[in-house]
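# the following block contains a protein sequence and its predicted model.
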Amino acid sequence: MSRALSPATPLAAVGRSVLGTLAMIGRVSRFAGETVSHLFRPPFYAREFLHALVQIGWLSLPVVGLTALFTGGALALQIYAGGARFNAESVVPSIVAIGMARELGPVLGGLMVAARVASSIAAEIGTMKVTEQIDALVTLSTNPMKYLTLPRVLAATLAVPVLVGVGDAIGIMGGWAVGVSRLDFNAAVYLKNTIDFLETWDVVSGLIKGAAFGFIVATMGCYYGMNSGRGAQGVGRATKSAVVAASVLILAANYVLTELFFTA
């Protein structure tokens, strides 16, 4: 009997994995939908929202800015080295600007925010669950979703596009600094080429991506924090899972949005 059932064992394992994945997608989707639904129902905790806005937006600016600065400089060097093979060094300003605005600015900004914010949110809410502070909120007739999740998700959705816009500007200026100091570009000509080739939709599409990535980061942090296991190990697993899930979803969402925005 065991030999007859053994060939089906791998298929059963695959089936369990698929069903588990689909169940997880359903739980996360329901969690996100419930979070958005609270936006249209009072009360709104403005103090929690402003605190989250500072934590997610302002305090993430240094890491996003430094990432964008070095990425813009490295991108300029790589494009110049590749373009030199085809006598196309002059495309450096335009490619750096388009690359930062469309892809690298939103994606790297989103990943940096995911590393910093998703882990922080998951650890904070997970610790609150372990220490029964969430149960205390329920006892005080305060909805944890409205008090803990909505302010953070809304703050991230609004703050990350701003971080992406600032990161785009810093990244482009990093490419400009490398182009002028290391690649012998004329400063004024470099900036003129950047402005001439960069279109409004290039920037706007990146900001839309930033809003989507911010929503993903905060939602994953809140979801895994709310569903954290007991004890230090449970909080640690929730933190790790939040960062991994947010990072993977950012990359997947980036492909979907790129396909939507730039496919004729």
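Good, I have the coordinates. Given the structure is predicted, the values throughout are model-derived calculations rather than measurements. Numbering: from 1, shown residues only.

# okay, and for this protein, where does confidence drop off?
Residues of the chain meeting the criterion pLDDT under 70: 1-8, 264.

# before we move on, which element is the residue nearest the centre of the chain in?
The centre of the chain sits closest to residue 110, judged by CA atoms, centre = their mean, with a distance of 2.9 Å. Taking DSSP states H and E as the criterion, residue 110 maps to helix 105-113.

# I'd like to know which elements that helix is packed against.
helix 61-83, helix 150-181, helix 200-226, helix 231-262 (3 or more CB pairs under 8 Å, 6 or more residues apart in numbering; DSSP states H and E). Backbone N, C-alpha and C define where each C-beta goes, glycine included.

# just the residues contacting that helix, thanks.
56, 60, 63-64, 67-68, 71, 156, 160, 163-164, 167-168, 171, 206-207, 209-210, 213-214, 216-217, 247, 250-251, 254 (CB atoms under 8 Å, 6 or more residues apart in numbering).

# so how far is residue 247 from the spatially closest residue to residue 205 that is not a sequence neighbour?
Nearest non-adjacent residue to residue 205, counting by CB to CB, 6 or more residues apart in numbering: residue 261, 4.8 Å away. Separation of residue 261 from residue 247 (CB to CB, to the nearest Å) stands at 21 Å.

# neighbour-wise, which of those two wins?
Shown here are residue 261 and residue 247; by other CB atoms under 10 Å, residue 247 has more neighbours (18 against 15).

# show me which of the contacts of helix 105-113 are buried.
Buried members of the contacts of helix 105-113, scored by 16 or more other CB atoms under 10 Å, are 56, 60, 63-64, 67-68, 71, 156, 160, 163-164, 167-168, 171, 206-207, 209-210, 213-214, 216-217, 247, 250, 254.

# re earlier: okay, the helices and strands packed on helix 105-113 in TSV with distance to residue 122 next?
Shown next, in TSV, are the helices and strands packed on helix 105-113 (distance: least, CB to CB, whole Å):
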stretch	distance to residue 122
helix 61-83	18
helix 150-181	11
helix 200-226	4
helix 231-262	4
